[in-house]
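K.L.:
how would this look folded up:
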Amino acid sequence: MGLLSSSSIPDWIFLSFPRVYTTFFTLTGLCYNQAMLMLWRVLYTLEQIIRDEGLDFNLSELSHLYNLVSHGSHIFLFKAKP
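P.N.:
Numbering: from 1, shown residues only. Next up, the predicted model:
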């Protein structure tokens, strides 16, 4: 299943955020304010690539590149895998 094809998310949510963001936060269970800036930058870049290049990218592919780690106080960021 592609990252942009989640049918469990109500359509009205997509008026505020691109599907990449809402799908990520729905699948991880995180709130938007739990994401540190680096995580937002990765999701923004991914959204731009998907939009501009028409790629079918999913979270399993993202998990091969980054670990989702806590930075304390329930705040999370992506840490690049070696």
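K.L.:
Pick out the residue nearest the middle of this structure.
P.N.:
Nearest to the mean C-alpha position of the chain, by CA atoms, centre = their mean, lies F24 at 3.7 Å.
K.L.:
Quick check: that residue vs N67, distance?
P.N.:
14 Å (CB to CB, to the nearest Å). Glycine gets a C-beta too; all of them are placed from N, C-alpha and C.
K.L.:
So for stretch 55-67, what gets flagged as buried?
P.N.:
Using 16 or more other CB atoms under 10 Å as the test for burial, stretch 55-67 gives 57, 59, 62.
K.L.:
right, and the second one touches T26 too?
P.N.:
Going back to what we said before, that points to L59. No - applying CB atoms under 8 Å as the test, L59 and T26 come out as separate, 10.4 Å apart.
K.L.:
before we move on, which element is the residue nearest to the centre of the chain in?
P.N.:
If you go by DSSP states H and E, F24 is part of helix 19-28.
K.L.:
following that helix, which helix or strand shows up next?
P.N.:
helix 37-53.
K.L.:
ok, and what's touching the following helix or strand past that following helix?
P.N.:
Heading C-terminal from helix 37-53, the first helix or strand you meet, by DSSP H and E, is helix 59-65. Helix 59-65 is touched from outside by 3, 23-24, 27, 42, 46, 80-81, with contacts defined as CB atoms under 8 Å, 6 or more residues apart in numbering.
K.L.:
can you give me the offset of helix 59-65 from its chain's centre?
P.N.:
Between the centre of helix 59-65 and the centre of its host chain there is 10 Å, according to CA atoms, centre = their mean, to the nearest Å.
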